[in-house]
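>>> Sequence plus the predicted model coming up.
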Amino acid sequence: RNFYLYDLSGKKLANLTQHAFEAVDIVRIDEASGWLWYTARSGDNHMKIQLHRVRLDGTGDTRLTDPALTHRVELSPDGKFFVDVEQAHDRPPVTRVRDFDGRAVAQLASSDASEFEALGLRPADLFTFTSADGATRLHGMLQFPSNFDPAKKYPMLVSVYGGPGSNGLNENFAAPNALAEYGFLILRVDARTNAGKGRKILDTVYKRLGIVEMDDIAAGIRATWDRPYVDRTRVGIYGTSYGGTVAATVLMRHPDVVQAAVSNSPVTDYRLYDTAYTERFMGLPDEDRDAYDRAAVLTYASQLSGDLLIY
């Protein structure tokens, strides 16, 4: 996604951005000075949001933030400064004031991680894996109990959503997961349905809901199998709404990776769901009945071999 400038008659005046990465949002337009500030997924991975500044004629595009971190920003009224809250999945937030060109002027606040360290809490582990198409690079994040011992084997819980355009993962600091303290590893994984990878990848999902994202999540789970502390015979998956659909479908379609699922408020047949949402990704039901059958959880009910809780 990129930004373009048009006049009121609809005539295009300028391509404001021309990038392979996604532009996210417009932060400020200053007609008097001729600048536009916007956020984009131009960090060292697609989850790290950056602040850019570009002239209204499309020239002078400059990234103003550190690509190793993700940023939440607020511009000053005169546009000469901005407040930058920067962090990563393994780095707690720091708040700084930066000048027009992104140089640090002052530090306003930082996170005190001493208690985190004193409790023996372990930062989340972000890893990459290859999607079920054999080509697309995806991300997973694993969290651990505070008494984690790599010499032991642990059951794993997979937290899912997976809906098209959603954020399965982000680079905000990953606070400890309370469920891990019961002795679980906690896994979250990307699918090609997740936001930020561009239209070309998301288009591969069209009329393939119930297939693409399920296969990718299964691939993400398999990517943990080379870790000796993962007990691949004790894996549960859970989610709500779209996540409930994913949890039930992965259990049925990929029983080799998951043995139990908790499915909260799932969509079990898209013919019975909100058309404004469904038809964007599935087309009309009468035009491709096979696509709707493939996406329906009930299609795979006879394949259930694990434990499934529906609520």
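Cool, got the structure. Numbers count the residues shown, from 1 in each chain.

>>> Just the CA atoms of stretch 115-122, as PDB, please.
Extracted in PDB, the C-alpha atoms of stretch 115-122 (Å, rounded to 0.1, in the frame of the first residue of the first chain):
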ATOM      1  CA  GLU A 115      11.800  -6.800  38.700                       C
ATOM      2  CA  PHE A 116      11.400  -8.700  35.500                       C
ATOM      3  CA  GLU A 117      15.000  -9.900  35.800                       C
ATOM      4  CA  ALA A 118      14.800 -10.600  39.500                       C
ATOM      5  CA  LEU A 119      11.800 -12.900  38.900                       C
ATOM      6  CA  GLY A 120      13.900 -14.800  36.400                       C
ATOM      7  CA  LEU A 121      11.400 -14.000  33.600                       C
ATOM      8  CA  ARG A 122      12.700 -14.900  30.100                       C
END
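
>>> Now do that stretch, average pLDDT.
Averaging pLDDT along stretch 115-122 gives 89.

>>> distance between that stretch and the chain's centre?
Distance of stretch 115-122 from the chain centroid (CA atoms, centre = their mean, to the nearest Å) equals 26 Å.

>>> quick one: contacts of that stretch?
P92, Q143, F144, S146, N147, F148, P176 (CB atoms under 8 Å, 6 or more residues apart in numbering). For the C-beta atoms, the positions are set from N, CA and C on the backbone; glycine is no exception.

>>> Any chance of those in CSV with secondary structure, neighbour count and distance to L36 as columns?
CSV is the format used below for the contacts of stretch 115-122 (DSSP: H, G, I helix; E, B strand; the rest coil; neighbours: other CB atoms under 10 Å; distance: CB to CB, whole Å):
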residue, secondary structure, neighbour count, distance to L36
P92, strand, 16, 31
Q143, strand, 24, 38
F144, coil, 22, 42
S146, coil, 12, 45
N147, coil, 11, 50
F148, coil, 16, 46
P176, coil, 18, 39
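
>>> mind checking how far the residue nearest to T268 when sequence neighbours are not counted is from A260?
Spatially, and ignoring its direct neighbours in sequence, T268 is nearest to V297 (4.2 Å; CB to CB, 6 or more residues apart in numbering). Separation of V297 from A260 (CB to CB, to the nearest Å): 16 Å.

>>> So which of the two has more stuff around it?
In this view V297 and A260 are compared by other CB atoms under 10 Å, and V297 has more residues nearby, 24 against 17.

>>> Around T268, how many other residues sit close by?
18.

>>> In terms of pLDDT, where does it sit?
T268 is given a pLDDT of 94.

>>> One more: the one 5 residues further on?
You'll see Y273 listed with a pLDDT of 93.

>>> One more: L16?
88.

>>> Let me see the contact set for it.
Counted by CB under 8 Å, 6+ apart, L16 has contacts N2, F3, Y4, L5, L36, Y38, V54, L56, G58.

>>> Paired strands for the host helix or strand of V94, with orientation please.
Using DSSP states H and E, V94 sits within strand 91-99. Strand 91-99 pairs in its sheet with strand 81-88 (antiparallel), strand 104-110 (antiparallel), by DSSP bridges.

>>> hmm, which two among the contacts of L16 are most spread apart?
Within these, N2 and L56 form the most distant pair, 14.5 Å apart (CB to CB).

>>> ok, residues contacting stretch 164-171?
Here stretch 164-171 makes contact (CB under 8 Å, 6+ apart) with 43, 45, 47-49, 69-70, 87-89, 126, 139-141, 160-162, 188-191, 193-196, 202, 205, 209, 242, 280-281.

>>> Just the buried positions in it, please.
P164, G168, L169, N170, E171 (16 or more other CB atoms under 10 Å).

>>> circling back to that earlier point, CSV for the contacts of stretch 115-122, including pLDDT and distance to S131?
Below are the contacts of stretch 115-122 laid out as CSV (pLDDT from 0 to 100; distance: CB to CB, whole Å):
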residue, pLDDT, distance to S131
P92, 96, 30
Q143, 97, 22
F144, 96, 25
S146, 92, 32
N147, 92, 33
F148, 95, 28
P176, 89, 28
